[in-house]
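> need the 3D shape of this:
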Amino acid sequence: MHLTSPLLSTSWTHGAGCTTAAAIASGLARGLSAKEAVILAKKFISKSLENSFPLNQWVGPGNPSAWRSKAGLFN
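This is a model prediction of the structure:
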């Protein structure tokens, strides 16, 4: 299985790997199949990175809170 999406133009990706792993684990814990968990995690991390921000001139994280407001979930 390959998941593809357009390249996001951001330098602010600190924590993206750990956040992706946590999102996959969360999906699995909710009873999703591995494929479903990865697809949901991909949507989650993409939304997070679309809304990333700089903490300083060198590093910036994604914004996992963007999932709630932008995707209209958990409201």
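
> who are the packing partners of the helix or strand harbouring Cys18?
Using DSSP states H and E, Cys18 maps to helix 16-29. Counting contacts by 3 or more C-beta pairs under 8 Å, 6 or more residues apart in numbering; DSSP states H and E, helix 16-29 packs against helix 34-50. (Each C-beta comes from the backbone N, C-alpha and C, glycine too.)

> what angle sits between the helix it packs on and helix 16-29?
140 degrees (axes from the mean of the first three to the mean of the last three C-alpha atoms, to 10 degrees).

> may I see the buried residues of helix 34-50?
Ala37, Val38, Ile39, Leu40, Ala41, Lys42, Phe44, Ile45, Ser46, Lys47, Ser48, Leu49 (16 or more other C-beta atoms under 10 Å).

> again with stretch 12-31
Trp12, Thr13, His14, Gly15, Ala16, Thr19, Thr20, Ala23, Ile24, Gly27.

> in CSV: these, plus distance to Leu55 and pLDDT.
What follows is the buried residues of stretch 12-31, written out as CSV (distance: C-beta to C-beta, whole Å; pLDDT from 0 to 100):
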residue, distance to Leu55, pLDDT
Trp12, 8, 92
Thr13, 12, 93
His14, 8, 94
Gly15, 11, 92
Ala16, 14, 94
Thr19, 15, 94
Thr20, 19, 95
Ala23, 21, 95
Ile24, 25, 97
Gly27, 28, 96
